[in-house]
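Novice: below are the sequence and a predicted model; questions follow.
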Amino acid sequence: MEVLVGRQPIFNTHEEVVAYELLYRRNESNQFEQVDSDNATIQVLKNSVFTIGMNELTNGLPGFVNFTENLLMTNNIIDLIDPSTFVIEILEDVPITDQLIMRIVELRNRGFTIALDDFVLRQNIEYYNTLFANVDIIKVDFLSTPKSGRAIIEERVKNFFPHIQLLAEKVENRTQFEEAKAANYSLFQGYFFEQPQIIKSVDIPMNMLQYFEVMSLLKEENSNVQEIAEKIEQNISITYKLLQLINNISRKKSKVRSVKQAIVMLGLIELRKFLYLLAVDEGLADEPSDVYIELMRTSIFRAKICELLARKKNKQNYSEYYLVGMFSLIDTILQRPIQLIVQQLPFSEVVIETICGRETEMTIYLQLSIALTKMDLEKANQLAKELGISTADLGYIYRMALEYTKSSI
């Protein structure tokens, strides 16, 4: 399934790109469609973090994302994004209340940068003092806000809130750009610089039955992390997106050696939020094609073969061998270069090297799993002999992996 995100660069006074605004797009018309605002933001975050990946989407620069009042005031979504990666844009229709300001203070204390979108002073200026003291960026629409309206905001910021960066939106020509610079704007966005680009990628279809089985395990009073991990491991879509999330929010960029480790790092509460986010709109997705189903079946089969072989050879890191097999076809599934994909996954160096096709100690395990997938028994027996795996053991491993794959897909 193809997914899209609109991306428009934000420039500084030197006309250098310093951030991007991320925009909801349902098709390639590059126009915003009428859609529930909550859902639009959730889709942007899902596609940015779990499918395309922020490294590829913004080249490591911050991404501005619109937040409705509902999403702003709850933690379900905000807890799953990295403050150093996203700028929270508060939409212009969000009511300014004491509760909102308290929430902004809390989010800034957590490291988030807060921007006011399409800001216009509509009430007594004094009402905004506390708000201005606690935001970082104010976006002003140069196309629709009259010069007199802009001047009130500009003077207020200049005289009383110099910490605020002013961002000029919808700048359409050089004259407006120079005018904004003269009025102390430091950030700029609009068609004068570049219209939004459509960034495309391919999503991995999610087996909803497995999804509900995972959710059922999470609802148990004493949830068993091992059981949850084993169920998630059967679903390449959830596994891939979970690892993307860990890579995005982990400050230390820890290497993940198993799905169980990823769950422990995230925590069960955050795992529930993550799964909730994945399910939004999933029911509207197209049924996966036969090609996708076969690719996922092959990936799971390879994964289990690699794991069982590693267990047989007493490898302590057998879970990493599982990941090697599972992600050996990820470039084909996502239709993207493997070098880009592995940049967004928190794997150890040896796993990355193996997946990228370079020779490692894991390579022979992956090659054997591929030979069994193709039923190339001559090559499979040759590789098994090199590993010291008997024909009887290889047959048993093959049958176990086959049963596991049938129960997974």
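Specialist: Ah, there it is.

Novice: so which elements touch the helix or strand that contains Phe301?
Specialist: Assigned by DSSP states H and E, Phe301 falls within helix 290-312. When contacts are defined as 3 or more CB pairs under 8 Å, 6 or more residues apart in numbering; DSSP states H and E, helix 290-312 packs onto helix 236-249, helix 318-326, helix 330-334, helix 363-373, helix 391-408. Quick note: C-beta positions are derived from backbone N, CA and C, even for glycine.

Novice: what's the shortest one in contact with?
Specialist: For helix 330-334, the surrounding residues in contact (CB atoms under 8 Å, 6 or more residues apart in numbering) are 201-202, 204, 236, 240, 292, 295-296, 299, 337-338, 341, 355.

Novice: which of these sits closest to Asn76?
Specialist: Tyr240 (21.1 Å; CB to CB).

Novice: next, count neighbours for that closest one.
Specialist: Counted by other CB atoms under 10 Å, the residues lying close to Tyr240 total 22.

Novice: my read is that it contacts Asp203, right?
Specialist: No - counting by CB atoms under 8 Å, Tyr240 does not reach Asp203; the two are 9.8 Å apart.

Novice: any idea of the angle the helix holding Phe301 forms with helix 318-326?
Specialist: Here the directions of helix 290-312 and helix 318-326 differ by 150 degrees (axes from the mean of the first three to the mean of the last three CA atoms, to 10 degrees).

Novice: export only the CA atoms of helix 290-312, formatted as PDB.
Specialist: Extracted in PDB, the C-alpha atoms of helix 290-312 (Å, rounded to 0.1, in the frame of the first residue of the first chain):
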ATOM      1  CA  ASP A 290      -0.700 -12.200  -3.200                       C
ATOM      2  CA  VAL A 291       2.800 -11.000  -3.900                       C
ATOM      3  CA  TYR A 292       2.900  -9.200  -0.500                       C
ATOM      4  CA  ILE A 293       1.600 -12.300   1.300                       C
ATOM      5  CA  GLU A 294       4.200 -14.500  -0.300                       C
ATOM      6  CA  LEU A 295       7.000 -12.000   0.600                       C
ATOM      7  CA  MET A 296       5.900 -11.900   4.200                       C
ATOM      8  CA  ARG A 297       5.500 -15.700   4.300                       C
ATOM      9  CA  THR A 298       9.000 -16.100   2.900                       C
ATOM     10  CA  SER A 299      10.400 -13.600   5.400                       C
ATOM     11  CA  ILE A 300       8.900 -15.400   8.400                       C
ATOM     12  CA  PHE A 301      10.100 -18.800   7.100                       C
ATOM     13  CA  ARG A 302      13.700 -17.500   6.600                       C
ATOM     14  CA  ALA A 303      13.600 -15.900  10.100                       C
ATOM     15  CA  LYS A 304      12.500 -19.100  11.800                       C
ATOM     16  CA  ILE A 305      15.100 -21.200   9.900                       C
ATOM     17  CA  CYS A 306      17.900 -18.800  10.900                       C
ATOM     18  CA  GLU A 307      16.800 -18.800  14.600                       C
ATOM     19  CA  LEU A 308      16.500 -22.500  14.800                       C
ATOM     20  CA  LEU A 309      19.900 -23.000  13.200                       C
ATOM     21  CA  ALA A 310      21.400 -20.500  15.600                       C
ATOM     22  CA  ARG A 311      19.800 -22.300  18.600                       C
ATOM     23  CA  LYS A 312      21.100 -25.600  17.300                       C
END
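
Novice: hmm, Gln244 and Phe50 touching each other?
Specialist: Yes - using CB under 8 Å, Phe50 is in contact with Gln244, at 5.1 Å.

Novice: more neighbours: which of these two?
Specialist: Taking neighbours as other CB under 10 Å, Phe50 and Gln244 compare with Phe50 leading, 25 against 21.

Novice: any chance you could map the helices in the stretch 51-200 of the chain?
Specialist: Ranges of helices in the stretch 51-200 of the chain, per DSSP state H, counting those that start in this stretch, are 54-58, 69-72, 75-78, 98-109, 129-133, 147-160, 174-182.

Novice: need the winner for burial among the helices and strands packed on helix 290-312.
Specialist: Comparing these by mean neighbour count (mean count of other CB atoms under 10 Å), helix 318-326 comes out on top with a mean of 24.

Novice: mind listing residues that contact that helix?
Specialist: Against helix 318-326 from outside (CB under 8 Å, 6+ apart): 233, 236, 239, 257-261, 299-307, 309-311, 315, 347-348, 350-351, 354-355, 362, 365-366, 369.

Novice: give me the buried subset of these.
Specialist: Among these, those scoring as buried are 233, 236, 239, 257-261, 299-307, 309-310, 315, 347, 350-351, 354-355, 362, 365-366, 369 (criterion: 16 or more other CB atoms under 10 Å).

Novice: middle-most residue in this protein, spatially?
Specialist: Val49 (0.9 Å; CA atoms, centre = their mean).

Novice: tell me who's in contact with the residue lying closest to it once chain neighbours are set aside.
Specialist: Closest residue in space to Val49, ignoring its immediate chain neighbours: Asn248 at 5.4 Å, by CB to CB, 6 or more residues apart in numbering. When contacts are counted by CB under 8 Å, 6+ apart, Asn248 touches Val49, Met54, Ile81, Asp82, Thr85, Gln344.

Novice: got these as JSON lines, with pLDDT and distance to Gly388 columns?
Specialist: Output for the contacts of Asn248, formatted as JSON lines (pLDDT from 0 to 100; distance: CB to CB, whole Å):
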{"residue": "Val49", "pLDDT": "89", "distance to Gly388": "42"}
{"residue": "Met54", "pLDDT": "89", "distance to Gly388": "43"}
{"residue": "Ile81", "pLDDT": "91", "distance to Gly388": "47"}
{"residue": "Asp82", "pLDDT": "92", "distance to Gly388": "44"}
{"residue": "Thr85", "pLDDT": "94", "distance to Gly388": "46"}
{"residue": "Gln344", "pLDDT": "86", "distance to Gly388": "36"}
